[in-house]
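Asker: Here is the input, now give the coordinates:
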Amino acid sequence: MIVSLEEGVRELVHDGDTVALEGFTHLIPVAAGHEIIRQRRRGLTLVRMTPDIVYDQLIGAGSATRLVFSWGGNPGVGSLHRFRDAVQNAWPAPLEIEEHSHAGMANRYVAGASGLPFAVLRGYTGTDLVGRTANIAAITCPFTGEQLTAVPALNPDVTIVHAQRADRRGNVQMWGITGVQKEAVLAARRSLVTVEEVVDELEPVPGQVLLPSRVVTAVARVPGGAAPSYAHGYYSRDNDAYQAWDPISRDRAAFGRWLEREVFGRAAAAQGGDAAR
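Answerer: From the prediction side, this is the model:
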């Protein structure tokens with residue numbers, strides 16, 4: 001089903017949902033995150049292996065009450081200051097966190113995509129996460145006696161990813177650094193994919209990942225939907241935007257002005273332009 005971004009978020013993302021916006025350095029669904037903010041969704045459990053500035057923005061806007069993750073930061077710059085403010089000062093609302101390793105998060109998605117209740121790995125050996133995170137448990141291998149760790153399957157209510165292309169039947173094609181997008185979509189109850197373009201036919205690309213229409217709930221055409229991250233073959237990463245985010249995110253008032261201008265203001269301007277046409 002091809003929909004607008006506004007319709008896709010309105011129909012698929014509900015207050016209180018567990019929402020994964022996946023993308024690793026590349027193809028990060030930033031525009032979808034901003035639409036969630038515009039629709040003032042609340043009480044979300046946000047899930048992502050590497051939350052960066054779009055999660056900082058969602059947290060600062062008051063969309064989230066919980067974050068499940070394995071690393072968080074402004075890549076190449078420093079901390080996520082809206083995230084820190086929520087954890088340390090409960091502003092704009094308290095934020096509960098659940099921390100995992102990258103391997104733990106990836107295996108949770110794989111278990112969810114495979115219809116399994118949990119995943120087993122060695123990745124937490126020697127760390128204190130086992131004692132600090134309720135969703136990590138020690139387990140003994142029934143065949144060798146080896147001490148391992150188990151993590152429960154991760155099945156988001158909705159996963160949102162960005163990709164380069166989809167065809168008119170809703171089949172999705174992405175390539176480049178693809179992270180765990182495929183697993184996150186397969187594990188989810190619902191999925192929304194934003195794409196740079198909708199085409200009649202998907203031409204094969206080396207290293208491509210294909211998501212068939214049967215596992216995708218809706219597709220929205222959103223050119224530039226990953227900016228300021230990059231979409232391989234379409235546009236480059238805007239490093240200046242990541243640098244500029246640091247002073248904005250450090251100050252609550254500056255963040256509020258940014259939110260009104262760049263998230264709510266841009267939408268209003270676009271609607272005004274549509275009305276004029």
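
Asker: pull the CA atoms of the helix or strand encompassing E7 into CSV?
Answerer: Using DSSP states H and E, the element containing E7 is helix 5-12. Written as CSV, here are the backbone C-alpha positions of helix 5-12 (Å, rounded to 0.1, in the frame of the first residue of the first chain):
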residue,chain,number,x,y,z
LEU,A,5,4.0,9.9,5.3
GLU,A,6,1.3,11.6,7.4
GLU,A,7,-1.2,8.8,6.7
GLY,A,8,1.4,6.1,7.3
VAL,A,9,2.3,7.4,10.7
ARG,A,10,-1.3,8.2,11.7
GLU,A,11,-2.5,4.7,10.8
LEU,A,12,0.5,2.7,12.1
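
Asker: any chance you could map the strands in the protein?
Answerer: For the chain, strands defined by DSSP state E occupy the ranges 2-3, 18-21, 44-48, 64-69, 96-99, 118-121, 137-140, 147-152, 158-167, 172-174, 190-199, 209-211, 218-221.

Asker: and those strands as a markdown table, adding distance to P228 and mean pLDDT?
Answerer: (C-beta placed from N, C-alpha, C; glycine too.) Output for these, formatted as a markdown table (distance: least, Cβ to Cβ, whole Å; pLDDT from 0 to 100):
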| stretch | distance to P228 | mean pLDDT |
| --- | --- | --- |
| strand 2-3 | 24 | 97 |
| strand 18-21 | 15 | 98 |
| strand 44-48 | 17 | 98 |
| strand 64-69 | 20 | 98 |
| strand 96-99 | 25 | 96 |
| strand 118-121 | 33 | 96 |
| strand 137-140 | 38 | 92 |
| strand 147-152 | 32 | 95 |
| strand 158-167 | 12 | 98 |
| strand 172-174 | 18 | 98 |
| strand 190-199 | 15 | 98 |
| strand 209-211 | 23 | 96 |
| strand 218-221 | 19 | 98 |
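
Asker: need the ones you listed in JSON lines with mean neighbour count and distance to S229, can you?
Answerer: Output for the strands of the chain, formatted as JSON lines (neighbours: other Cβ atoms under 10 Å; distance: least, Cβ to Cβ, whole Å):
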{"stretch": "strand 2-3", "mean neighbour count": "16", "distance to S229": "22"}
{"stretch": "strand 18-21", "mean neighbour count": "26", "distance to S229": "11"}
{"stretch": "strand 44-48", "mean neighbour count": "24", "distance to S229": "13"}
{"stretch": "strand 64-69", "mean neighbour count": "20", "distance to S229": "17"}
{"stretch": "strand 96-99", "mean neighbour count": "15", "distance to S229": "23"}
{"stretch": "strand 118-121", "mean neighbour count": "18", "distance to S229": "28"}
{"stretch": "strand 137-140", "mean neighbour count": "12", "distance to S229": "34"}
{"stretch": "strand 147-152", "mean neighbour count": "18", "distance to S229": "27"}
{"stretch": "strand 158-167", "mean neighbour count": "27", "distance to S229": "8"}
{"stretch": "strand 172-174", "mean neighbour count": "25", "distance to S229": "13"}
{"stretch": "strand 190-199", "mean neighbour count": "22", "distance to S229": "12"}
{"stretch": "strand 209-211", "mean neighbour count": "18", "distance to S229": "17"}
{"stretch": "strand 218-221", "mean neighbour count": "23", "distance to S229": "17"}
